[in-house]
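Student: no sequence on this one, just coordinates:
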């Protein structure tokens, strides 16, 4: 069964499941809950109105003290950080390499098989059978670190495995932990891995348990443990962890979400800064609602080249910023697109400039692109992209063909969220994105847009017969790998023509490159090796 | 336009709740109680429990509404609370036995035999759902029944989107196996 047939089967199964659940919910009680709730809500009162007579002056005093402390902290912070610092960011170098990930749905361990290959090569090199996801790439681009699981009897052993990025030789493996297979679904050991300097740092946790939280440092050359730093959790259950290293590789930043008990709705988020190489910690409890603090954990969060701004574009099109030196809560900034299709979610693709100072967020159905100054933590501007999609297909015959193809081709619906990456050419002069045709709810995603950054217009719209799932720039920007409907084809970025088709591993879940991984993890470009 | 209007109205209602207007909260309860009860029922497989869970979830929502961002849709947030309350309820009741297969309530507009067959099918689906581990069940109901996106489910469950995808995959596999086994045992 090929990928497309499998996806259709899954879609049919999902539709059947939706229908079955709708039916199964029909026997639910139907009752007006408000009469029962009214008394209890009234008894709860409103927090702002239900305080004792002495609470308000006491609160004012506390607020005044807190404000004074904050002003002092801001002044001290401004003295320490006020001057703009030149980013001390070294760019990594690595060979152009593709990584193909295939989900192991039939295995009790799950996970992915991973194979590596150069774009021009027909066959790949199998690397691992049960990786938990794509690897962490070292800041110098020289090493790949995978988290791998192995089943030994009924025990799952999790290990960190290092590969050389150039030779793909397995360098070392270091144990991270082990657990019973029966606990894997609910309480799988999850690890976060970063590389800084000559060390690899790893932290592992099991969701909802009060296991000790320890940041472990391993030597990069042989995986031997060199340090171990416990992080205080006060015996609380761990719900989520994120670990990042600053671009200067001088410090680590750990976010942890703690719950009073497993499953408790009351959670607390903490930020722990660890100075390297000593591991000295500065911890603080974060404020803000769950919506804001959740942005600190999702995929795609990273530290800007200034070394102090954590940022993440959320799926609903808001930018979360968190100043690692002084913020106690993330700030959410809505991207000010001129209008939205339905007031709700819009398809969105994101990419970063090669030097990592700017983020581009494209809303293809609106034909708008937001340019974000990451160091300034502000939206520089939103441009309406010029150039009519499909303009290259001049002439009545081409026009009719375009309309026919639009109506016949199975294109992706544009109403859902869309997380494809915007590909930025190495010289920064072109952006490649999955484009859209039509407007608002009638818009459909399809074809490739080539956006010129000098004029902010869509210079080319290369049509494709199938829905495009992913784009990946390869060959120093000369080629664009297009994944669609179970096919993997190479498109020449000079001519806009498909030049070859790559044999796709059966059941391919996703394909990525070292360059793409680097952009995702560090928010800047990797220099390809000659 | 209608959707944008509804969102604006919901935002105004949430802001009123945050100012302490209980009438506004009554409006939120009446707007969302049906979906909250259905979700709670799927998660607990217990009609009485579903009412308790939905009620507790609304009380939790009222307590926490001051921290809720009014620019966000209310429904996914509420359903996350419902899922959490359902989990606490099931833990508290130490896996109270699921309702019997014939425990469903049939629709009145069907002939008796079809009523019985359909009620049995619905109960079978709920029983299969109850067999799933809690994170798998919650992810399944929030995504496939409530149409929450993967990211919204991840936010509700306090995990990464990749974990939700993996949970949904595993849940579908298990449901398939449970239902196939149940049908097989009938033959």
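Tutor: Sure thing, it's come through. On a predicted model such as this, the values are computed, not experimentally measured, just so you know.

Student: contacts and neighbour counts: CA atoms only from here.
Tutor: OK.

Student: in terms of secondary structure, what does the top helix by length along chain B contact?
Tutor: The residue-count maximum for a helix in chain B (DSSP state H) belongs to helix B:161-186. With contacts taken as 3 or more CA pairs under 8 Å, 6 or more residues apart in numbering or on different chains; DSSP states H and E, helix B:161-186 sits against helix B:112-131, helix B:134-140, helix B:150-157.

Student: where does pLDDT dip in chain B?
Tutor: Applying pLDDT under 70 to chain B flags residues B:1-5, B:93-119, B:182-187.

Student: residue in it with the shortest distance to chain A?
Tutor: residue B:122 (4.3 Å; CA to the nearest CA).

Student: contacting residues for that residue?
Tutor: A:20, A:23-25, B:104 (CA atoms under 8 Å, 6 or more residues apart in numbering or on different chains).

Student: just those residues: which are in helices?
Tutor: Short answer: the contacts of residue B:122 in helices (DSSP H) are A:20, A:23-24.

Student: could you tell me the backbone phi and psi angles at residue A:367?
Tutor: phi 70, psi 30 (degrees, to the nearest 10).

Student: equivalent analysis for residue A:276, please.
Tutor: According to degrees, to the nearest 10, residue A:276 has phi -110, psi 150.

Student: how near is it to chain B?
Tutor: 27 Å (CA to the nearest CA, to the nearest Å).

Student: ok, that residue - contacts?
Tutor: Here residue A:276 is in contact with A:249-252 (CA under 8 Å, 6+ apart).

Student: how near is it to residue A:201?
Tutor: Per CA to CA, to the nearest Å, residue A:276 is found 11 Å from residue A:201.

Student: mind jotting down where the strands sit in the stretch 101-250 of chain A?
Tutor: A:112-117, A:125-131, A:136-137, A:143-152, A:155-164, A:170-180, A:189-196, A:199-206, A:213-219, A:225-231, A:237-245 (DSSP state E, counting those that start in this stretch).

Student: put together CSV for the ones you listed, with distance to residue A:455 and mean pLDDT on each row.
Tutor: Formatted as CSV, the strands of the stretch 101-250 of chain A follow (distance: least, CA to CA, whole Å; pLDDT from 0 to 100):
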stretch, distance to residue A:455, mean pLDDT
strand A:112-117, 36, 88
strand A:125-131, 42, 90
strand A:136-137, 34, 96
strand A:143-152, 38, 94
strand A:155-164, 41, 95
strand A:170-180, 46, 94
strand A:189-196, 38, 93
strand A:199-206, 43, 95
strand A:213-219, 47, 97
strand A:225-231, 50, 96
strand A:237-245, 36, 91
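
Student: so for chain B, which of these sits nearest?
Tutor: strand A:237-245 (6.2 Å).

Student: need the contact partners of that closest one.
Tutor: Contacts of strand A:237-245 (CA under 8 Å, 6+ apart): A:192-196, A:203, A:205-211, A:251-262, A:296-297, A:302-303, B:158-159.

Student: and if you look at stretch B:130-141?
Tutor: Looking at what lies outside stretch B:130-141 - CA under 8 Å, 6+ apart - the contacts are A:21, A:186, B:39, B:42-45, B:83, B:87, B:98, B:129, B:153, B:157, B:164, B:167-168, B:170-171, B:174-175.

Student: put the buried members of the residues you listed into a PyMOL selection.
Tutor: Selection of buried members from those for PyMOL, criterion 16 or more other CA atoms under 10 Å in any protein chain shown:
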select buried, (chain A and resi 21) or (chain B and resi 39+42+43+44+45+83+87+98+129+153+157+164+167+168+170+171+174+175)
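
Student: the strands of the stretch 101-250 of chain A into JSON lines, with extra columns for distance to residue B:7?
Tutor: Shown next, in JSON lines, are the strands of the stretch 101-250 of chain A (distance: least, CA to CA, whole Å):
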{"stretch": "strand A:112-117", "distance to residue B:7": "40"}
{"stretch": "strand A:125-131", "distance to residue B:7": "42"}
{"stretch": "strand A:136-137", "distance to residue B:7": "40"}
{"stretch": "strand A:143-152", "distance to residue B:7": "43"}
{"stretch": "strand A:155-164", "distance to residue B:7": "46"}
{"stretch": "strand A:170-180", "distance to residue B:7": "46"}
{"stretch": "strand A:189-196", "distance to residue B:7": "37"}
{"stretch": "strand A:199-206", "distance to residue B:7": "37"}
{"stretch": "strand A:213-219", "distance to residue B:7": "41"}
{"stretch": "strand A:225-231", "distance to residue B:7": "42"}
{"stretch": "strand A:237-245", "distance to residue B:7": "30"}
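
Student: which one, of these, ends up nearest to residue A:498?
Tutor: strand A:112-117 (19.9 Å; CA to CA).

Student: what is the closest one packed up against?
Tutor: Checked by 3+ CA pairs under 8 Å, 6+ apart, strand A:112-117 has strand A:98-103, strand A:125-131 packed alongside it.

Student: quick one: closest of the ones you listed to residue A:430.
Tutor: strand A:98-103 (21.6 Å).

Student: residues of stretch A:6-16 that come out buried?
Tutor: Applying 16+ other CA under 10 Å to stretch A:6-16 flags residue A:14 as buried.

Student: nope, stretch B:143-152 is what I was after
Tutor: Buried, per 16+ other CA under 10 Å, within stretch B:143-152: B:143-146, B:148-152.

Student: pretty sure residue A:26 contacts residue B:38?
Tutor: Yes - the criterion here is CA atoms under 8 Å, and residue A:26 meets it with residue B:38 at 7.3 Å.

Student: more neighbours: the two, which one.
Tutor: Using other CA atoms under 10 Å in any protein chain shown as the criterion, residue A:26 and residue B:38 rank with residue B:38 on top: 28 against 18.

Student: and the gap between that one and residue A:20?
Tutor: Following CA to CA, the distance that separates residue B:38 from residue A:20 is 13 Å.

Student: out of the contacts of strand A:237-245, which end up buried?
Tutor: A:192-196, A:203, A:205-210, A:251-262, A:296-297, A:302-303, B:158-159.

Student: all helices for chain A, in order.
Tutor: A:3-24, A:34-44, A:55-81, A:184-187, A:290-294, A:396-408, A:514-522.
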